[in-house]
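Engineer: Coordinates for the following, if possible.
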Amino acid sequence: MRERKQTVIDPDLPRRIIAQRLGPYEIGLPLKDGGMATLFHATRKGVAGFEKRFVMKRVHPRLASDERFRAMFIREARIAALIDHPHVVQVVDFGEDDDALFLIMEFVDGCSLRTLMNALAKQRRRLSPQLAVRVAIAIAEGLHAAHEATTPDGQSLSVVHRDVSPDNIMISRRGDVKLIDFGIAKSTDSTSETGEGTVKGKFAYMAPEQASAGEVDRRTDVYALGIVLWEMLTMKRCFRAETDLETLARVLKPEVVTPQRVVPEVPTALAEVVMRALRPSPAERPATTRVLRKMLVTAMPSAALVDAEDLASLLRVTGAVPGVVGSLETIKLDISDVEVLSDASESTQLLPVGFAEPPSPLTPRLFAAPAQSSRASAFPWWVLGWGATLAFGAGMALAYALV
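Structural biologist: Numbers count the residues shown, from 1 in each chain. Modelled structure (predicted):
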């Protein structure tokens, strides 16, 4: 098991930030500290007890005066504000107050897909194909909305997210699926440093053309979503290696095995769609995430039966969100950024689990169905029952005949 460095709030973060106000927003405790900005809980209060929670992304003071970074941050806010879709986290405000540059985003009360997958891996579980496809379909819809976003006068922005990964997919306690973080998105409004010749994003979720600093388009996001779906189905890492350099080498010359080879229960039609999305050549992939969505629905129609309540139940039964525990036997998890998913080259047996209550034929499974592990488990024991019954009946008939 490989551990990833945990996210730790900068210990030098000025204490005056806590409970400070920026504009109409009261800043609460920090959520996450990054290299360029810090995420905080934020609250806006009004008359008659009105109160609404948000997330504030506040630029580090040392970068707020950097004109190049300011331009990039402002561009992120502009792009995100033009994308309006239920599966994309909304940016609701942007401002500058007392030399503090910030944007205000919709608050998603839940966890990232990465945290959920780590929780499942710690419990030796994996997602059912139906649920994995349901998440992928939601993100495909959100990505298509981003790709189709236009300026107020109708000009296409040609947005490419470039950072689709389990870390940037949120699932709320209510079962809502949201795509976040357009911080490195490419668009026709991009500044020169985000163009061709610059590599941006996480190596393990890059398409070959992105990793080689080539031209990217919406099919680059199709590839990244294909990686995410592959990992949801197999509970293994697709490309990640011991070092970034080794990961990059794998990405540049991809040799991905079908998810069905890792998990035989994955339907053939679904495995074919995943591998189509992971074609090295952009021309051979689905042209848009909308096309990919339709292919997924066709390959796994039962995914349509999975609704938000099923996803919410998944968070409850895995304990992925602190303070939320379901009816299944679960272990108390200390969810962090520790990486627990194995590489694709490693062999990991996952124990299947079911529902707390027997599902109806139309109820989608949250977890993978139990696999037949031996011939004995697959033996038709009902044959012995019928044989015993027939033998007993024949014996009685013979006894009557002899009397």
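Engineer: C-alpha from now on. contacts and neighbour counts both.
Structural biologist: Will do.
Engineer: residue boundaries of the strands in the stretch 151-300 of the chain?
Structural biologist: Assigned by DSSP state E, counting those that start in this stretch, the strands in the stretch 151-300 of the chain fall at 169-172, 177-179, 236-237.
Engineer: in the stretch 1-150 of the chain, what spans have low per-residue confidence?
Structural biologist: Within the stretch 1-150 of the chain, the stretches with pLDDT under 70 are 1-19.
Engineer: 90 - rerun?
Structural biologist: Flagging of the stretch 1-150 of the chain using pLDDT under 90 yields the residue ranges 1-24, 31-38, 46-49, 59-81, 95-101, 123-124, 126.
Engineer: quick one, strands of it?
Structural biologist: 21-22, 25-33, 37-45, 51-59, 91-97, 100-106, 110-112.
Engineer: The strands of the stretch 151-300 of the chain: which one's closest to residue 29?
Structural biologist: Closest approach to residue 29 among the strands of the stretch 151-300 of the chain (Cα to Cα): strand 169-172, 19.5 Å.
Engineer: Mind giving me the packing neighbours of the closest one?
Structural biologist: Secondary-structure packing of strand 169-172 (3 or more Cα pairs under 8 Å, 6 or more residues apart in numbering; DSSP states H and E): strand 110-112, helix 113-122, strand 177-179.
Engineer: On the strand side of things, show who residue 95 bridges to.
Structural biologist: residue 102 (DSSP bridges).
Engineer: That one: neighbour count?
Structural biologist: Neighbour count of residue 95, defined by other Cα atoms under 10 Å: 15.
Engineer: Leaving aside the residues adjacent along the chain, what's closest to residue 43?
Structural biologist: Distances taken as Cα to Cα, 6 or more residues apart in numbering put residue 53 closest to residue 43, at 4.6 Å, once the chain neighbours are dropped.
Engineer: Columns distance to residue 317 on top of the strands of the stretch 1-150 of the chain, output as TSV?
Structural biologist: Below are those laid out as TSV (distance: least, Cα to Cα, whole Å):
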stretch	distance to residue 317
strand 21-22	37
strand 25-33	24
strand 37-45	26
strand 51-59	26
strand 91-97	31
strand 100-106	25
strand 110-112	14
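Engineer: re the thing from before, measure the residue nearest to residue 43 to residue 74 for me?
Structural biologist: Noted for residue 53: a distance of 22 Å to residue 74, by Cα to Cα, to the nearest Å.
Engineer: just residue 82 next, same as before
Structural biologist: Using Cα to Cα, residue 82 is found at 13 Å from residue 74.
Engineer: Likewise for residue 182?
Structural biologist: Distance, residue 182 to residue 74, by Cα to Cα: 11 Å.
Engineer: quick one: which of the two has more around it?
Structural biologist: Shown here are residue 182 and residue 74; by other Cα under 10 Å, residue 182 has more neighbours (23 against 16).
Engineer: Would you mind confirming that residue 93 is in contact with residue 101?
Structural biologist: No - the criterion here is Cα atoms under 8 Å, and residue 93 misses it with residue 101 at 11.4 Å.
Engineer: Counting neighbours, go ahead and name the busier of the two.
Structural biologist: Per other Cα under 10 Å, whichever of residue 93 and residue 101 has more neighbours is residue 101, with 22 against 14.
Engineer: which stretches of the stretch 301-403 of the chain aren't confidently modelled?
Structural biologist: 316-403.
Engineer: redo that, cut-off 80
Structural biologist: 322-403 (pLDDT under 80).
Engineer: start to end distance for stretch 150-158?
Structural biologist: 8 Å.
Engineer: sorry, that was for stretch 54-71
Structural biologist: 23 Å.
Engineer: Mind listing what's buried along it?
Structural biologist: Buried residues in stretch 54-71, counted by 16 or more other Cα atoms under 10 Å: 54, 55, 56, 57, 58, 59, 60, 63, 64.
Engineer: Give the full set of residues in contact with the residue nearest to the fourth one when sequence neighbours are not counted.
Structural biologist: Read it as residue 57. Distance criterion Cα to Cα, 6+ apart; nearest residue to residue 57, sequence neighbours excluded, is residue 39 at 4.6 Å. By Cα atoms under 8 Å, 6 or more residues apart in numbering, the contact list for residue 39 reads 30, 31, 32, 33, 55, 56, 57, 58.
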